[in-house]
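>>> For reference, the sequence and a predicted model appear below.
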Amino acid sequence: MKIISKIVEIHIFREKGNKLQFLLLKRGANEIYPGLWQMVSGKIRKKEKAYLTAIREMKEETNLTPVKLWVAPNINSFYDPLSDSVTIIPVFAALVDSKNVVKISNEHSEFRWVFISEAKKKLAWEGQRKSIDIISQYYLKQKNFLDFVQMEKVTSDK
């Protein structure tokens, strides 16, 4: 069995008053898992750093750029019986400016900004829901129970 890491997961959120809204995207009809609601995700290119993949995928799938980007202290994973492999997925949290306009790619059919409870209802996998909890607790509790690693440089100009 192989263990691989070739995908990233990015939970994009914005502040709405004293609450958070998460951006969810609905997968298009021609994609794997059509109609599934998800956060931004994507494949890491050869020799690309995972956090740069997160920034690139955000831009490609939503036309958004993070104001701040963190590595969330959660790793998602899944087993693929066809390849007999386990995929390990680093999780990122991206704060965006609430004034920015979302423009989705053709991979998705629609998007929604949703509050925490709705995000957790729409996401299919437990690890994704756990990431929402970790990110919102961290951000709303003013960073007093975890020390997220913030990526200082959030441009992918390299």
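Nice, I can see it. Numbering: from 1, shown residues only.
>>> Show me what whichever strand or helix holds Y139 is packed against.
Using DSSP states H and E, Y139 maps to helix 126-140. Packing partners of helix 126-140 (3 or more CB pairs under 8 Å, 6 or more residues apart in numbering; DSSP states H and E): strand 7-16, strand 19-27, strand 68-80, strand 85-95, helix 116-122. Yep, even glycine has a C-beta here, placed from its N, CA and C like the rest.
>>> Export the ones you listed to a markdown table and append columns for mean neighbour count, mean pLDDT and distance to E110.
Output for the helices and strands packed on helix 126-140, formatted as a markdown table (neighbours: other CB atoms under 10 Å; pLDDT from 0 to 100; distance: least, CB to CB, whole Å):
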| stretch | mean neighbour count | mean pLDDT | distance to E110 |
| --- | --- | --- | --- |
| strand 7-16 | 22 | 96 | 15 |
| strand 19-27 | 20 | 97 | 5 |
| strand 68-80 | 16 | 91 | 23 |
| strand 85-95 | 20 | 95 | 20 |
| helix 116-122 | 16 | 97 | 12 |
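>>> Now do the helix holding Y139 against strand 85-95, angle only.
30 degrees (axes from the mean of the first three to the mean of the last three CA atoms, to 10 degrees).
>>> And I32, how close does it get to E107?
10 Å (CB to CB, to the nearest Å).
>>> Nothing else from me, thank you.
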